[in-house]
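Chemist: no sequence on this one, just coordinates:
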């Protein structure tokens with residue numbers, strides 16, 4: 001299997017038939033799904049001060065960080081498994097199962113009577129959450145025109161930051177009234193909102209249908225949504241044979257030649273990106289409190305992080321489609337590292353701190369969004385879900401370490417300089433990893449999706 005600069009080629013049936021349905025609705029469904037994923041991420045950071053003050057449990061910062069990391073450990077498993085599950089049952093079913101699972105388990109964590117049961121529910125919810133992101137990204141890229149893949153992926157994945165904004169706003173308005181249990185229970189809403197919509201409105205992935213030999217069904221979906229037909233591939237007589245070849249092809253594509261180096265570097269960048277995203281969104285309120293800001297102010301900083309991510313990534317994703325995601329992702333990591341170093345000086349006025357926090361939001365969440373787009377457009381349709389699942393899953397190592405070690409950092413009582421400057425280290429690692437990803441061969445000139453910059 002080779003990686004082609006464009007994953008589809010048009011056929012007469014895909015160019016002359018007017019689409020009956022809009023692919024935008026598929027992307028909107030993925031967007032709403034990611035909102036709740038982002039809510040789960042940021043709500044834990046928003047309720048961390050409340051958890052530390054909850055006397056019946058008597059949690060320390062280290063224990064609070066550990067329980068927060070359990071969800072990320074579950075997400076590690078979920079993201080790794082999703083690439084293989086989508087090949088067996090399809091992306092639509094994986095998305096439905098993942099959303100339903102994490103919603104019900106979020107409710108379970110809200111009702112947990114003890115910290116141990118709370119941690120178990122968080123871990124199991126993380127498995128469901130881990131399957132959502134790579135599946136939603138793969139679906140979004142597959143239902144996007146080649147020249148809009150980075151932009152559409154960023155718009156869809158900005159739901160992650162919108163979910164963070166929702167969590168911060170709700171925490172500011174409701175945390176004192178409904179407590180941390182009520183905030184967690186809100187995370188169960190997808191099972192009665194987005195799940196029915198996906199069940200009735202979202203089609204199955206054409207790439208999955210083709211991999212299963214269901215060519216006519218794949219072409220029907222492509223025609224209905226105005227997608228280009230994928231190039232036909234030789235199909236073996238036995239139904240099981242194409243699936244064995246597809247699996248072998250995905251692994252061979254990700255771990256052979258220079259692509260093996262790219263996969264390793266993507267995983268390293270994913271670890272760096274998720275260290276920033278999860279570490280800062282979990283511990284930002286507490287770090288701000290340690291820097292002598294009030295709880296209300298610290299939650300407003302958390303809100304600013306996610307607003308900065310939304311605004312920044314909408315702009316930079318357009319640039320990523322125009323100039324390639326490598327340089328834009330590199331710039332994102334760089335900006336967050338510099339902003340954190342400036343914040344660590346402790347001499348920045350309040351207005352300047354808000355501006356820097358917004359830059360950190362863009363450079364952490366924004367960098368992760370752009371990195372996901374980089375991965376999604378680097379690999380082909382058959383490999384994309386597995387590559388995303390692998391890089392996001394391995395990236396959870398950084399998330400687990402960030403949340404757990406963040407608690408150790410807070411408990412140690414280090415000065416402001418250390419509390420903020422230490423987070424610039426993963427930004428530097430992300431910069432280096434993205435910059436070293438091998439460029440793809442076989443791309444001449446400026447294609448609609450210009451991968452020559454990869």
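Modeler: Now that the structure is in, tell me what you want to look at. Keep in mind it's a predicted model, so treat the numbers as computed, not measured.

Chemist: List the buried residues for stretch 426-438?
Modeler: Neighbour counts using 16 or more other C-beta atoms under 10 Å place 426-427, 429-431, 433-434, 437 of stretch 426-438 among the buried residues. Placement of C-beta: from N, CA and C, glycine included.

Chemist: again, but for stretch 254-269
Modeler: 254, 259, 262-269.

Chemist: contacting residues for the residue nearest to the spatial centre of the chain?
Modeler: The centre of the chain sits closest to residue 133, judged by C-alpha atoms, centre = their mean, with a distance of 5.1 Å. Applying C-beta atoms under 8 Å, 6 or more residues apart in numbering, we find residue 133 in contact with 34, 37, 79, 372, 388, 392.

Chemist: Now tabulate these in TSV and tack on pLDDT, neighbour count and distance to residue 288.
Modeler: Shown next, in TSV, are these (pLDDT from 0 to 100; neighbours: other C-beta atoms under 10 Å; distance: C-beta to C-beta, whole Å):
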residue	pLDDT	neighbour count	distance to residue 288
34	90	24	26
37	81	25	24
79	77	28	30
372	85	31	28
388	81	26	33
392	81	31	28
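
Chemist: any idea how far residue 413 is from residue 419?
Modeler: 9 Å (C-beta to C-beta, to the nearest Å).

Chemist: More neighbours: which of these two?
Modeler: residue 419 (24 against 9; other C-beta atoms under 10 Å).

Chemist: Quick check, pLDDT for that one.
Modeler: You'll see residue 419 listed with a pLDDT of 83.

Chemist: What of residue 139?
Modeler: The model's pLDDT for residue 139 equals 90.

Chemist: and which of the buried residues of stretch 426-438 is nearest to residue 209?
Modeler: residue 437 (30.6 Å; C-beta to C-beta).

Chemist: residues touching that closest one, list them.
Modeler: 261-262, 265-266, 269, 326, 374, 378, 454.

Chemist: can we see that at 7 Å?
Modeler: 262, 265-266, 326 (C-beta atoms under 7 Å, 6 or more residues apart in numbering).

Chemist: cool, residue 402 as well?
Modeler: 275, 278-279.

Chemist: And residue 263, how far from residue 384?
Modeler: Between residue 263 and residue 384 the distance is 12 Å, computed by C-beta to C-beta.

Chemist: Quick check: buried residues in the helix or strand that residue 173 is a member of?
Modeler: Element membership of residue 173, judged by DSSP states H and E, is helix 159-185. Going by neighbour count (16+ other C-beta under 10 Å), the buried part of helix 159-185 is 159-172, 175, 178-181, 183-185.

Chemist: repeat for stretch 105-112
Modeler: 105-110, 112.

Chemist: related to what we said a few turns ago, out of the contacts of residue 437, which sit inside helices?
Modeler: 262, 265-266, 326 (DSSP state H).

Chemist: that older thread, looking at the contacts of residue 437, which is nearest residue 208?
Modeler: residue 266 (22.5 Å).

Chemist: Now for the closest one: which residues touch it?
Modeler: 375, 391, 437.

Chemist: Quick check: pLDDT value at it.
Modeler: pLDDT at residue 266 comes out at 94.

Chemist: Kindly reformat the contacts of residue 402 as CSV containing neighbour count.
Modeler: Formatted as CSV, these follow (neighbours: other C-beta atoms under 10 Å):
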residue, neighbour count
275, 27
278, 30
279, 26
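
Chemist: between these, which is closest to residue 300?
Modeler: Distances from residue 300 to those, taken by C-beta to C-beta, are shortest for residue 279, at 19.2 Å.

Chemist: Now do the contacts for that closest one.
Modeler: Taking C-beta under 7 Å, 6+ apart as the test, what residue 279 contacts is 402-403, 406, 423.

Chemist: try 8 Å this time
Modeler: 399, 402-403, 405-406, 423, 426.

Chemist: re earlier: any idea which of the contacts of residue 266 is the one closest to residue 292?
Modeler: For the contacts of residue 266, the nearest to residue 292 is residue 391 (38.2 Å; C-beta to C-beta).

Chemist: What is the burial count for the closest one?
Modeler: 30.

Chemist: ditto for residue 347
Modeler: Neighbours around residue 347, by other C-beta under 10 Å: 8.

Chemist: Same question for residue 360.
Modeler: Neighbour tally, residue 360, other C-beta under 10 Å: 31.

Chemist: That one reaches residue 343, doesn't it?
Modeler: Yes. Between residue 360 and residue 343 there is a contact under C-beta atoms under 8 Å: 7.5 Å.

Chemist: ok so, going back, cross the contacts of residue 133 against helices and list the overlap.
Modeler: Using DSSP H, those in helices are 34, 37, 79, 372, 388, 392.

Chemist: which residues touch the third one?
Modeler: It refers to residue 79. Contacts of residue 79 (C-beta under 8 Å, 6+ apart): 130-131, 133-134, 388-390, 392-393, 395-396.

Chemist: again with the last one
Modeler: Taking C-beta under 8 Å, 6+ apart as the definition of contact, the neighbours of residue 392 are 79, 130, 133-134, 270, 372.
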